[in-house]
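>>> Using only what follows, build the 3D model:
(4 chains)
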2 protein chains.
Amino acid sequence: MNLKQLSQLLGLSQTTVSRALNGYPEVNAETRQRVLDAVRETGYRPNRAAQRLATGRAGSIGLVMPTADGIESDVHFGEFLAGLGDEAVKHDFHFVINPSHPEDEVATCRRLVASGNVDALFLAYMREQDPRIAMMKSLKTPFVVHGRSMGIATDYPYLDIDNTGAFYDAARLLAQLGHRHVALINGPDYLTFSKRRTKGTVRALAEHGLVLRDECVSNSQMTDEHGFRAMERFLQLEMPPTAVLCSSTVLALGAVRAINQAGLKLGSDISLIAHDDVLPMLKPENFMVPLTTTRSSLRAAGQRIARRLIADILQLETLPQQELWKTDLIVRASTGPAPSGK
Amino acid sequence: MNLKQLSQLLGLSQTTVSRALNGYPEVNAETRQRVLDAVRETGYRPNRAAQRLATGRAGSIGLVMPTADGIESDVHFGEFLAGLGDEAVKHDFHFVINPSHPEDEVATCRRLVASGNVDALFLAYMREQDPRIAMMKSLKTPFVVHGRSMGIATDYPYLDIDNTGAFYDAARLLAQLGHRHVALINGPDYLTFSKRRTKGTVRALAEHGLVLRDECVSNSQMTDEHGFRAMERFLQLEMPPTAVLCSSTVLALGAVRAINQAGLKLGSDISLIAHDDVLPMLKPENFMVPLTTTRSSLRAAGQRIARRLIADILQLETLPQQELWKTDLIVRASTGPAPSGK
DNA sequence: GGATTTTCCCAAAGCGTTTTGGCATCTAAC
DNA sequence: GTTAGATGCCAAAACGCTTTGGGAAAATCC
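Sure thing, here's the model as predicted:
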């Protein structure tokens, strides 16, 4: 059932039917109702490809999903996607997800846009001087970056959380509690959010005359296993840290296990602060010893980005092009004063 | 840059350029090379919407993502998606993800197909007598179901794991170890995989003259928190179980925490077997006490389904339409003989 | 009552591909 | 030396929608 058949059925022109469906004013209310009824009855759905070809709009947001044999799926990606979905469903948008080898992201983005399959692009997993930004700026397709790059002008639309500030706050708290040796279990070192978190940590420690030792830093994918390994390694140091920062509750999961295994008590022998993306599957307040966290909802970020993208495409409202969200520092039982004598 | 412009640039007809690009034989090798060179130089990309309209093929696989305010993002969804991606990227396919309220799935599926935006559909989160199956069978669009429905003929294409068998094996092992009181922390009760797992458990216990008591069963979303709560509840029973089955390592995470908190020793005071979807973020062998599991890779399932779908669309190879994967029962330290005197 | 606007609808021209049906030219065959 | 078949190319017709540029009838105005 296509528009032609439908219009013949109704004894109307394609034009009128199309207008009736798309809410144009120049069509009689009664006629419109007839059309709407016929649609309901026949189950007619406009062919999106044709619609897209005619309007140039696709009703979809593109994203590139990094994938490769070695690359593990990211819990955080799913949570973010759920946020995007919440908002997209309200406007009948969908996503076009293009898997890509991480090395090939620029080309994949370009291809995705050129294909005409998407109205806007969402960019994430930002790196230093990320080439995707310049590429996207040279096109006219709207885009929003989740996170920020580094070392290039920040004159592009983004939504980021204040990673530097979050870890500055967290590290400062630890320093104030008397901790002299702090460790950091961070995300992959090539991603900018990791770099910023390191920076915030270093800055806060420096203000208290402390340093973040190289052997007290771990960079890895954010899985339970990596958290465990890193913590295990830290605890075997000659001068082990008395406090540790984790870039994710998933990392914290492993870290806490290593701490327990070593027979240490979380919150007294050793303190821990994790960044909490508010993953429903893993709540910091439900750990055996509830975790002190820097909190910022990943799902909310997804919702917001979808909203901005859609507003941009549909010209609905003018939203700020650059947003930097502060994080909350929520103190729970996993932090305490540094053990004396250390 | 479109086909028309490109062909004018080359002094050829659109037909010839199109044929050259799509590998048709009736074009001179030299001409083809000229076209290919021009494409490289101009960065021409065919407009997918137009291509779609002309061919009827879209190069994409559709999936409906359940989303709603109360619904939490599912770790398992992300992992599965990664699997799909692995395979899709090889054939330059992408996904069209349509978020939908769970109540509205049938309509969303139908709309997604009717939109002409996808060549095939992937169905998951199967329920009893799931109406989506009949709906899809009435259309000509290829589809594969991940899981199986219940109470209707199984004459549709699916890939499922042997949930009944997995939990039968696991429960039997527990019974053989002398456990008389077994509990089950399962997924949502309206999903068929949960039902099958319950069935397998009940059957194995029955063969040893045991029953699965109602108060020893929990159905919920598979998050850490629900695992914790369920286990906590079980341990407060007058006659607490000495062994527990978990439908996911995520649930097991919470359950183990509750066990520790109660001062019980996993593997001696209480035994636990979890189903392991091989989530990279949470490996059973890395738990403090490594978990005995029934294992089946979710990512592998995603890869396989993508492969089947693509093969179907492109008519590449004939793959079996119905697959039931056995799971591995891997014994680790979290299972042991039932404590005596109970 | 004629002029002007408003209301409602239509035919036809795109949008950028693929595909159909032909038409030359060149080669091989009798 | 004509004929039959390849070979290599093209013009034009889809595909299913939106949008442009009217145009007839009805309503409104002086």
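
>>> got the CA coordinates for stretch A:120-132 in CSV?
The C-alpha trace of stretch A:120-132 is given here as CSV (Å, rounded to 0.1, in the frame of the first residue of the first chain):
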residue,chain,number,x,y,z
ALA,A,120,22.8,14.3,12.9
LEU,A,121,25.8,12.6,14.3
PHE,A,122,26.7,11.8,17.8
LEU,A,123,30.4,11.6,18.7
ALA,A,124,32.0,10.0,21.7
TYR,A,125,35.1,8.3,23.0
MET,A,126,37.0,11.6,22.4
ARG,A,127,40.7,11.6,22.0
GLU,A,128,43.3,14.3,22.1
GLN,A,129,43.1,16.5,18.9
ASP,A,130,40.4,14.3,17.7
PRO,A,131,40.3,14.5,13.9
ARG,A,132,36.5,13.8,13.8
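
>>> Now do the domain split for chain A, please.
Domains of chain A are assigned by automatic domain parsing as A:3-46, A:60-161+A:300-325, A:163-296.

>>> which stretch among those comes nearest DNA strand C?
Closest to DNA strand C of the domains of chain A is domain A:3-46 (CB to the nearest atom of the strand; 3.4 Å). To be clear about C-beta, it is placed using only N, CA and C from the backbone, and glycine gets the same treatment.

>>> what about that closest one and chain B, any contact?
Yes - Domain A:3-46 comes into contact with chain B (CB under 8 Å from any CB of the partner chain), by way of A:43, A:45-46.

>>> Kindly report the same for stretch A:56-69.
Yes - between stretch A:56-69 and chain B, judged by CB under 8 Å from any CB, the touching residues are A:58, A:60, A:65, A:67, A:69.

>>> which residues does the third one contact?
It refers to A:Met65. For A:Met65, the contact set (CB atoms under 8 Å, 6 or more residues apart in numbering or on different chains) comprises A:77, A:97-100, B:81-82, B:85.

>>> quick one: the closest residue to A:Leu21 other than its chain neighbours from chain B, how far?
If the residues on either side of it in the chain are set aside, A:Leu21 comes closest to A:Val35, at 6.6 Å by CB to CB, 6 or more residues apart in numbering or on different chains. For A:Val35, the distance to chain B equals 17 Å [CB to the nearest CB, to the nearest Å].

>>> Pull out the buried positions in the helix or strand hosting A:Val35.
Using DSSP states H and E, A:Val35 sits within helix A:29-42. For helix A:29-42, the buried set under the neighbour-count rule, 16 or more other CB atoms under 10 Å in any protein chain shown, comprises A:32, A:34-35, A:38-39.

>>> and if you look at stretch A:249-262?
For stretch A:249-262, by 16+ other CB under 10 Å, it's A:249-259.

>>> Could you dump the residues you listed into TSV and include distance to chain B and pLDDT?
Formatted as TSV, the buried residues of stretch A:249-262 follow (distance: CB to the nearest CB, whole Å; pLDDT from 0 to 100):
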residue	distance to chain B	pLDDT
A:Thr249	10	95
A:Val250	5	92
A:Leu251	10	95
A:Ala252	12	96
A:Leu253	7	91
A:Gly254	7	91
A:Ala255	12	96
A:Val256	10	94
A:Arg257	6	89
A:Ala258	9	93
A:Ile259	11	96
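
>>> returning to what we had before: just confirm the residue nearest to A:Leu21 contacts A:Arg19, I think it does.
No - the pair A:Val35 / A:Arg19 is not scored as a contact, 9.1 Å apart, by CB atoms under 8 Å.

>>> Surely A:Ser296 is in contact with A:Ile330?
No - look at A:Ser296 against A:Ile330 with CB under 8 Å: they stay out of range, at 10.9 Å.

>>> more crowded one of those two?
Applying other CB atoms under 10 Å in any protein chain shown to A:Ser296 and A:Ile330 shows that A:Ser296 carries more neighbours, namely 20 against 15.

>>> list the contacts for the more buried one?
Taking CB under 8 Å, 6+ apart as the test, what A:Ser296 contacts is A:161, A:166, A:275-278, A:325, A:327-328.

>>> Any of these buried? List them.
Buried, going by 16+ other CB under 10 Å: A:161, A:166, A:275-278, A:325, A:327, out of the contacts of A:Ser296.

>>> would CSV of those residues with pLDDT, distance to DNA strand C and secondary structure be doable?
Formatted as CSV, those follow (pLDDT from 0 to 100; distance: CB to the nearest atom of the strand, whole Å; DSSP: H, G, I helix; E, B strand; the rest coil):
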residue, pLDDT, distance to DNA strand C, secondary structure
A:Ile161, 98, 39, strand
A:Ala166, 98, 45, helix
A:His275, 98, 44, strand
A:Asp276, 97, 46, strand
A:Asp277, 95, 40, coil
A:Val278, 93, 42, coil
A:Trp325, 98, 39, strand
A:Thr327, 97, 45, coil
